[in-house]
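A.B. asks: coordinates only, sequence not included:
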């Protein structure tokens, strides 16, 4: 059938087949779970691609100063390049989201659980309250001419208190 059809007919047939497949998948796992799945997939894809984009923007910022050697304004070159990188990221997010939604498979008789993706990051900061923050150890260095911490009023080198002088 393909050789006898034009490009528009082929596109229409492919789009209809994709919509039918998606509707069948949604009917199989119920609309409520499908909406949750769409949300989870979209958030995960956006998170991955956004972090890659931030790293790429840092690399661009480091390398953009070389544009000045080519007699172009680095600010204008940075704006143009960052805009194209952002548009590429948005397009890649759309493509990857669709790809994952069409290829995802759920296990039977299990719910979709919401996980905390950034759990490790929060624990390191100590912001969630589960791990107590370690207190820094304060080392007090007593100088020879400082008063002795025992409270005798003598300089440390003259005092003979057993608490601080174990010689």
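C.D. replies: Received it, and whenever you're ready, just let me know what you need. All values reported here derive from a predicted model rather than from experimental measurement.
A.B. asks: Quick check: which ranges of the protein have low pLDDT?
C.D. replies: Within the chain, the stretches with pLDDT under 70 are 1-3, 107-133, 167.
A.B. asks: and if we set it to 80?
C.D. replies: Scanning the chain for pLDDT under 80 picks out 1-5, 65-71, 105-142, 156, 163-167.
A.B. asks: Okay, helices next: where are they in it?
C.D. replies: For the chain, the helices defined by DSSP state H cover 7-29, 31-63, 74-103, 119-125.
A.B. asks: And these: which comes nearest residue 142?
C.D. replies: Closest to residue 142 of the helices of the chain is helix 119-125 (C-beta to C-beta; 34.9 Å). Heads up, the C-betas are built off the backbone N, CA and C, glycines and all.
A.B. asks: can you list the helices of the chain in CSV and add distance to residue 143 and mean neighbour count?
C.D. replies: CSV is the format used below for the helices of the chain (distance: least, C-beta to C-beta, whole Å; neighbours: other C-beta atoms under 10 Å):
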stretch, distance to residue 143, mean neighbour count
helix 7-29, 73, 11
helix 31-63, 46, 14
helix 74-103, 53, 13
helix 119-125, 37, 10
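A.B. asks: Select, out of these, the one closest to residue 151.
C.D. replies: Nearest of the helices of the chain (C-beta to C-beta): helix 119-125, 40.5 Å.
A.B. asks: CSV for the helices of the chain, including distance to residue 151?
C.D. replies: Shown next, in CSV, are the helices of the chain (distance: least, C-beta to C-beta, whole Å):
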stretch, distance to residue 151
helix 7-29, 75
helix 31-63, 55
helix 74-103, 64
helix 119-125, 40
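A.B. asks: Select, out of those, the one closest to residue 155.
C.D. replies: Each of these has some distance to residue 155 by C-beta to C-beta; the shortest is helix 119-125, at 44.1 Å.
A.B. asks: between the helices of the chain, which one is nearest to residue 154?
C.D. replies: helix 119-125 (46.0 Å).
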